[in-house]
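Novice: Got a predicted structure plus its sequence, pasted below:
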Amino acid sequence: MTADGPRFFVSHLAGVPVFGSDGVPVGRVRDLVATFPADRPPRLVGLVVGVRGHGPVFVPVSRVTGLESGQVTVSGAVSMRRFRPGPGERLVLGQLLDRRVRLADSGEAVTVLDVEVHRHPERGRWEADRVCARRDRGGPARHRGEALAVDWSAVRDLPPEEPAPARVRDRTGSGAEGGEGSGREDEEPGQERTARALMRAGPVVVPPEAGVAAALARIGERALIDALAAQVYVCRPPGEPPTGTYLGTVPVRRLLRSPPDTPVASLVDAELPALAPDTPLPAVSCCLTAFDLVAAPVVDGGGALLGAVTVDAVLDHLLPDRWREAEYGMPDFEGAQPGAAGARTEEDPPGRPGAAAFSPAGPPGGRDEGDR
């Protein structure tokens, strides 16, 4: 978000459309995620966005670049990992609004109507500093039903209880964007640790007859995170996931070393693997490590490209649960302890993994290092 961004009330974001920086629709806001530090007002860490066909996903607040004209604009690609609240995280719309709390000075019961958020001018954080509430009808006769706005510190009985991790309350009145009935709401917990759940939408897809110049232009015309801009995926039409037959991957370094009219199909690196949608997280991380990749394609049984898993999405699963707040969160990296985010989990295999679990099989030896 920009430093001079306006204050806003959280209820005004419910159901608001979310767009990428290139104008492509992403989904709609379903909720906001906040943490509750003991010594500061609540901190907004991200949005829960309903994405068609994927249910609710998390968009970090650092990716939000605009809040105006009844829409939200985000930069980079959106991770398709299904959102589940982490320890210490609360859903602002689903858990704070309509909650009964008490005023600190009088003990009077009030009901939360809305929460005002502003950007801290020094820390660069978005924090909730005001609560709009309505006095309960059981209060003094002259004040019954009266609305009031108070500082966050003037309210007690907050934050709310821990959220149920499996569901996100929908206050938009329309369910998840384009697919609440998809059955994903009842997924087994292990399914969120697969390539399908980790993958990002929006990989760069080019047809086999496209030239190098056209492929590079396709990368340059879109706002992409570095991991997605490091390669193009060659697929037969249609050119949007799920695509036609996936033919292979071309690293951007190979494009830069080739004549501009060279067909990309002739530059495909046949050794680079593709992940099946049900590939588990440990195998995904081994694949990226074994081939020194920052992204890997996800291809279904019919040969269609569904998306791409990027290294940051994998790290998001491997980092400690509370990494988005305190010393692990953005933008306060100055408090991080060296090496704290690099601890190995029990699922990480010792040593350097092999490549036998991936398709196509075979060791990465003999590869041209410049193509990675």
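Specialist: The structure has been received and is ready for your questions. Numbering: from 1, shown residues only.

Novice: Can you list the residue ranges for helices in the chain?
Specialist: Residue ranges of the helices in the chain, as given by DSSP state H, are 195-198, 212-220, 252-256, 281-290, 311-318.

Novice: Between those helices, which one is closest to S21.
Specialist: Between S21 and the helices of the chain, the shortest separation by Cβ to Cβ is 13.4 Å, and it involves helix 212-220. Where you see a C-beta, it was placed from the backbone N, CA and C, and this is true even at glycine.

Novice: Just the C-alphas of the closest one, formatted as CSV.
Specialist: Extracted C-alpha coordinates of helix 212-220, given in CSV (Å, rounded to 0.1, in the frame of the first residue of the first chain):
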residue,chain,number,x,y,z
VAL,A,212,12.0,-15.4,-28.6
ALA,A,213,11.2,-11.7,-29.0
ALA,A,214,7.5,-12.3,-28.5
ALA,A,215,8.2,-14.5,-25.4
LEU,A,216,10.3,-11.8,-23.8
ALA,A,217,7.7,-9.2,-24.6
ARG,A,218,5.1,-11.3,-22.9
ILE,A,219,7.2,-11.3,-19.8
GLY,A,220,7.8,-7.6,-19.9
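
Novice: follow-up on the earlier one: which of the helices of the chain is buried the deepest?
Specialist: Greatest average neighbour count among the helices of the chain goes to helix 195-198 (a mean of 25), per mean count of other Cβ atoms under 10 Å.

Novice: helices or strands up against that one?
Specialist: In terms of contacts (3 or more Cβ pairs under 8 Å, 6 or more residues apart in numbering; DSSP states H and E), helix 195-198 is packed against helix 281-290, strand 295-299, strand 305-310, helix 311-318.

Novice: Domain parsing of the protein, as residue ranges.
Specialist: For the chain, the structural domains run 1-176, 195-336+344-364, going by automatic domain parsing.

Novice: Could you provide those in JSON lines, with additional columns for mean pLDDT?
Specialist: Below are those laid out as JSON lines (pLDDT from 0 to 100):
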{"stretch": "domain 1-176", "mean pLDDT": "77"}
{"stretch": "domain 195-336+344-364", "mean pLDDT": "79"}
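
Novice: hmm, back to that, tell me which of the helices and strands packed on helix 195-198 sits nearest to P238.
Specialist: Of these, nearest to P238 by Cβ to Cβ is strand 305-310, at 10.3 Å.

Novice: contact partners of the closest one?
Specialist: Strand 305-310 is contacted from outside by 77, 79-80, 195-196, 198-203, 205, 225, 227-228, 233, 235, 241-243, 246, 275, 277, 284, 288, 294-300, using Cβ atoms under 8 Å, 6 or more residues apart in numbering.

Novice: Just the buried ones among those, please.
Specialist: Taking 16 or more other Cβ atoms under 10 Å as the criterion, what is buried in those is 77, 79-80, 195-196, 198-203, 205, 225, 227-228, 233, 235, 241, 243, 246, 275, 277, 284, 288, 294-300.

Novice: State the distance from V234 to V309.
Specialist: Using Cβ to Cβ, to the nearest Å, V234 is found at 18 Å from V309.

Novice: Now do the strands in the stretch 1-150 of the chain.
Specialist: Secondary structure of the stretch 1-150 of the chain by DSSP state E, counting those that start in this stretch: the strands cover 8-9, 17-20, 25-35, 43-51, 55-60, 64-68, 71-74, 89-91, 100-103, 109-119, 126-135, 147-151.
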